[in-house]
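Enquirer: Sequence plus the predicted model coming up.
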Amino acid sequence: MKARRSRRLDIITVFPGMFEGPLTESLLGRARDKGLIDLRIHNLRDFSADPRHKKVDDRPFGGGAGMVMQPEPLYRALRHIQAGRKGKDKPFVIYMSPQGAVLTQARAQTLSEKPWVVLICGHYEGIDERLMKWVDAEVSIGDYVLTGGELPAMILADVMLRLVPGVVKEVDSIRNDSFQGKQLDHPHYTRPAMWRGKRVPPVLLSGDHEQIRIWRSQQSQAATLKKRPDLML
């Protein structure tokens, strides 16, 4: 049987230490140990054109507040990441930006199917526009601005990589996720059946799988209508 090829994810950042923990624990940590995902973190300062101070930003032309990430360090990082790869085997490069397309479950599903993705974590006022030639997509996690692209990159990585086959053991767990379709997930209950005077819905204890399926479908629809009716438009 042909071995399954791991999904590769490279992240370019000025704060590589921020990724220790969030992407090395739990499901993603186990997926890395199994070889399902190949995660590589790159310190942008290692590619600075200023070997002494490791500078990666400068003042914007035309004046104004803030600093802008220089194109050369990012270009060098991208070239380094792709070194040794020939032909059509190229990564899909994403710039984490508040101006990007908002992250959705559907977009994460599409990205999870790409064999190789590179995330660029923006900072300051953003990156030099000339580097955008090497960017395939901009992605935002919402209409707000953070201090940098590291947290958005972690979120995108988590959402995307958990959809890689084998990362989540039970496939049905993903199929029934909120936003996987146009409805939210149904309520969930576990032991004990009676907790502080509150009982688990009897249908879940009935053993009737068809009735349980119907109940869950109805509850999913009710939750969506109550919490996110916009999803059903």
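Expert: Yep, it's here. Small disclaimer: the values here were computed from a predicted structure and weren't measured.
Enquirer: how's this structure carved up into domains?
Expert: What automatic domain parsing lists as the domains of the chain is 7-161, 180-232.
Enquirer: most tightly surrounded among those domains?
Expert: Among those, domain 7-161 has the highest mean neighbour count (mean count of other C-beta atoms under 10 Å), at a mean of 16. Glycine gets a C-beta too; all of them are placed from N, C-alpha and C.
Enquirer: what pLDDT, on average, does it get?
Expert: Domain 7-161 comes out with an average pLDDT of 93.
Enquirer: what separates the longest helix out of those in the chain from the chain centre, distance-wise?
Expert: Taking DSSP state H as the criterion, the chain has its longest helix at helix 209-227. With C-alpha atoms, centre = their mean, to the nearest Å as the basis, helix 209-227 stands 28 Å off its chain's centre.
Enquirer: Outside of that helix itself, list whatever touches it.
Expert: Helix 209-227 is contacted from outside by 182, 183, 184, 185, 186, 187, 201, 203, 204, 206, 231, 232, using C-beta atoms under 8 Å, 6 or more residues apart in numbering.
Enquirer: on that earlier part again, and the domains of the chain as TSV, adding distance to residue 168?
Expert: Conversion of these to TSV gives the following (distance: least, C-beta to C-beta, whole Å):
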stretch	distance to residue 168
domain 7-161	6
domain 180-232	12
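Enquirer: To residue 167, which of the ones you listed lies closest?
Expert: domain 7-161 (4.4 Å; C-beta to C-beta).
Enquirer: For that closest one, what is the distance to the chain centroid?
Expert: Remark: domain 7-161 is offset 11 Å from the chain centroid, using C-alpha atoms, centre = their mean.
Enquirer: Before we move on, what's the pLDDT of residue 3?
Expert: 48.
Enquirer: Apologies, that question was intended for residue 197.
Expert: We have a pLDDT of 97 for residue 197.
Enquirer: again, but for residue 165
Expert: According to the prediction, residue 165 has pLDDT 88.
Enquirer: Greatest separation within the contacts of helix 209-227: which pair is it?
Expert: 206 and 231, at 29.2 Å, using C-beta to C-beta across the contacts of helix 209-227.
Enquirer: How about the contacts made by the residue sitting nearest the centre point of the chain?
Expert: Centrality entry for the chain: nearest residue to the mean C-alpha point is residue 156, 1.4 Å, by C-alpha atoms, centre = their mean. The neighbours of residue 156, taking C-beta under 8 Å, 6+ apart as the test, are 94, 96, 103, 108, 111, 119, 139, 141.
Enquirer: quick one: which of those residues sit in strands?
Expert: 94, 96, 119, 139 (DSSP state E).
Enquirer: which among these gets closest to residue 20?
Expert: Of those, the one sitting nearest to residue 20 (C-beta to C-beta) turns out to be residue 119, at 16.1 Å.
Enquirer: from memory the closest one sits against residue 94, does it?
Expert: Yes: the criterion here is C-beta atoms under 8 Å, and residue 119 meets it with residue 94 at 5.3 Å.
Enquirer: quick one, helices of the chain?
Expert: Under DSSP H, the chain gives helices at 26-34, 71-82, 105-112, 150-161, 171-175, 209-227.
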